[in-house]
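# Only the shape, not the letters, is given here:
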């Protein structure tokens, strides 16, 4: 009975999702109530009444029940670590133990908001090329499957050898028309297999490493990870978390496994008394020299948290510039790809017609 109940609770937590915006609102509103002197239990109950999210309501109900039994909020959040993450819980824990919960919650809300804005900018930058490519392949597919088969009998009536491009297009059209369902299933299974393969940690690690060195997007991926690294490290240090623990928390918040591995190794160096800047300087391919130099200044002046936050702002600015200029960078490439695809279809259709009309005129 106990195992069944535990498994049920596990699946409830596993399938519970709380958006980043809801986490921002939770931290911000709780900070306002804590600063106003409202008891934590009353604050949780009030937030539960205000929330429109069913998932968040369930979480707040669980938190209120445990807080009413004398638990710390951070301890109550432990079962939801997979939802909120280490950063969220550990900053609240430091705030509870040091008496600065409201201040730490405000820091946390600001951090989550900036992370959300950064994510939106990156996703927004990807929409334009994705729409253009989808439209190009979609229109080409419609022409190949629906229009081209209607003019095939005309080509069959020509007593001339069809050009290679036309023969290739006829083959593609026949495959798409006769085996379209299997083709769609094959594409779906391919992407499903790719998704499952990328779930394997070793494969995902090398994929993340490859992404860092891509010609156009590698710079963006590095800037996003460096911004998240610097901001999270700066926030955790500012909230009173010790350097080793701050590095470990920061590692768990980064999406790129290469940076996660580097930060875990950095944390091990810190336990042996090494400086953060020394490790950063030894990894110039992952951390630009400026990061190590600036953090060295922060370590020497005792102002490391502010230095990290300054670096975060710098790399966020780089992401902003990159996303603004991305359409200018990708537009020539997209035009070339579109030109090749559309040109191939046009030449395949027009060339045999031109050859027939030329032979008739002779």
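Done, it's in. In this text, all values refer to a predicted model and were calculated from it rather than measured experimentally.

# Do a quick rundown of the helices in the stretch 151-300 of the chain.
164-178, 180-197, 201-212, 217-238, 243-253, 257-271, 276-281, 289-301 (DSSP state H, counting those that start in this stretch).

# Measure how the fifth one sits relative to helix 289-301, angle-wise.
Interaxial angle, helix 243-253 versus helix 289-301 (axes from the mean of the first three to the mean of the last three C-alpha atoms, to 10 degrees): 150 degrees.

# next one: helix 243-253 to chain centre, how far?
Computed by C-alpha atoms, centre = their mean, to the nearest Å, the chain-centroid distance of helix 243-253 equals 19 Å.

# next one: the fourth one
Helix 217-238 sits 13 Å away from the centroid of its parent chain (C-alpha atoms, centre = their mean).

# In that helix, which residues are buried?
217, 220-238 (16 or more other C-beta atoms under 10 Å). All C-beta atoms are positioned from the backbone trio N, CA, C, and that covers glycine.

# swap in the fifth one?
In terms of neighbour count (16+ other C-beta under 10 Å), helix 243-253 has its buried residues at 243, 245-251, 253.

# what would those look like in a markdown table with distance to residue 198 and pLDDT?
Putting the buried residues of helix 243-253 into a markdown table (distance: C-beta to C-beta, whole Å; pLDDT from 0 to 100) gives the following:
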| residue | distance to residue 198 | pLDDT |
| --- | --- | --- |
| 243 | 33 | 88 |
| 245 | 30 | 87 |
| 246 | 29 | 88 |
| 247 | 26 | 91 |
| 248 | 25 | 87 |
| 249 | 25 | 86 |
| 250 | 23 | 88 |
| 251 | 20 | 87 |
| 253 | 20 | 81 |
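
# Tell me the pLDDT of residue 356.
Note for residue 356: predicted pLDDT of 66.

# now do residue 194
pLDDT at residue 194 comes out at 91.

# any idea of the mean pLDDT in stretch 65-75?
Average pLDDT, stretch 65-75: 89.

# outside of that stretch, which residues touch it?
The contact list for stretch 65-75, computed with C-beta atoms under 8 Å, 6 or more residues apart in numbering, reads 40-41, 44, 63, 76, 89-90, 92-93, 96.

# Try it again at 7 Å.
With contacts defined as C-beta atoms under 7 Å, 6 or more residues apart in numbering, stretch 65-75 is touched by 40-41, 44, 63, 76, 89, 92-93, 96.

# Just give me the longest helix of the chain.
Scanning the chain for the helix with the most residues, using DSSP state H, yields helix 304-361.

# What part of the protein, helix or strand, is modelled with the least confidence?
Within the chain, no helix or strand scores below helix 2-14, which has a mean of 45 by mean pLDDT, DSSP states H and E.
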